[in-house]
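>>> fold the following for me, if possible:
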Amino acid sequence: MSYVFDPEVLHQIAKDSLGLPMHEMVPKLATEIAARYPGHVEEQPEWVFNNAGGAMGSMAVLHASLSEYLIVFGTPIGTEGHSGRFWADDYFMILDGEQWAYQQGSTEREVYKAGDLHLMPRGVAKGYKMPDACWALEYARGWIPLMLPFGFADAFTSTLDMRTLARTVKLYSRSAIKQLAKGKI
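Numbering: from 1, shown residues only. As a prediction, this is how the structure comes out:
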């Protein structure tokens, strides 16, 4: 399967954007990624809440297809939860703040700061915490539809926020249909 995005290129674009306020960084990221990958990035993404694995944040969907997604995810106040365990590689590029993580059985935390890449390979799950404001460019590649039940479960079992669920489905579907029309899975 061929992918649209190169994680190394995304990570470099993310590092080149560090130091800007988030309200400036997100448009810069979207514009620069869109210039590198024309026709595959939403340059004016909509923000939506994201509740998954007990953690709550906001996300802006830059790209979504059946095999990849690219979002800005984070929170201005901190959050923590379960990462999920997926058949996708997840590249979490810290833009601002810190993310802490640990694997089952670990007695030491992993610390990721602005500019760092936290790679979670397929099949790996972790506990994570953003102890305060933290934002990241998140890129996942693999079979994305298998990730959706994890991303939607909290809406049915905890928040009961069907409005956010509907907006998330709309944003994902709209982007995935655009990519399918371009012949990209």
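>>> not counting its neighbours along the chain, what's nearest Gly142?
Ala88 (2.7 Å; CB to CB, 6 or more residues apart in numbering). C-beta: built from backbone N, CA, C; applies to glycine.
>>> is it true that the one you found touches Met147?
Yes: counting by CB atoms under 8 Å, Ala88 does reach Met147; the two are 6.1 Å apart.
>>> mutual contacts of these two, please.
Ala140 (CB atoms under 8 Å, 6 or more residues apart in numbering).
>>> phi, psi for the residue lying closest to Thr79 once chain neighbours are set aside please.
Sequence neighbours aside, Ala55 is the residue nearest to Thr79 in space, at 4.4 Å (criterion: CB to CB, 6+ apart). Here is the backbone geometry of Ala55 (degrees, to the nearest 10): phi -100, psi 150.
>>> and Ala55, bridged to which residues?
Applying DSSP bridges to Ala55 gives these bridge partners: Ala52.
>>> run a quick check on it versus Tyr128, I expect a contact.
Yes: using CB under 8 Å, Ala55 is in contact with Tyr128, at 7.3 Å.
>>> now do the shared contacts for the two.
Joint contacts of Ala55 and Tyr128 (CB under 8 Å, 6+ apart) are Glu80, Gly81, His82.
>>> secondary structure element for the second one?
This means Gly81. Following DSSP states H and E, one finds Gly81 within strand 79-82.
>>> paired strands for that strand, with orientation please.
Here, using DSSP bridges, strand 79-82 pairs with strand 127-130 (antiparallel).
>>> tell me the buried residues in the strand it pairs with?
By neighbour count with 16 or more other CB atoms under 10 Å, strand 127-130 contains the buried residues Gly127, Tyr128, Lys129, Met130.
>>> same question for it, mean pLDDT?
For strand 127-130, mean pLDDT is 98.
>>> next SSE downstream of it?
Following strand 127-130 in sequence, per DSSP H and E, is strand 134-142.
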